[in-house]
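Student: coordinates only, sequence not included:
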């Protein structure tokens, strides 16, 4: 069953990116409450605040 929209829904185009410091604070909170590293990575990804991955060349 599809979720119904409401008058309070925000379009993706209306969202602004988080400030770097805000994202870092949110990452620390998620890391503190995550059960393990895999859960932390999953939650950060779901919230859209995962740190960029390092590329090995």
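Tutor: Arrived safely, thanks for sending. Values in this document were obtained by computation on a predicted structure and should not be read as measured data.

Student: low-scoring pLDDT stretches of the chain, where are they?
Tutor: Applying pLDDT under 70 to the chain flags residues 1-7, 54-55.

Student: And the helices in it?
Tutor: For the chain, applying DSSP state H gives helices covering 20-33, 37-47.

Student: quick one, which of these is nearest to residue 10?
Tutor: With Cβ to Cβ as the criterion, residue 10 lies closest to helix 37-47 of the helices of the chain, at 15.5 Å. Every C-beta, even on glycine, is put in place using the N, C-alpha and C of the backbone.

Student: buried sites along that closest one?
Tutor: 40-41, 43-44 (16 or more other Cβ atoms under 10 Å).

Student: can you list those in JSON lines and add distance to residue 53?
Tutor: Formatted as JSON lines, those follow (distance: Cβ to Cβ, whole Å):
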{"residue": "40", "distance to residue 53": "14"}
{"residue": "41", "distance to residue 53": "10"}
{"residue": "43", "distance to residue 53": "16"}
{"residue": "44", "distance to residue 53": "11"}
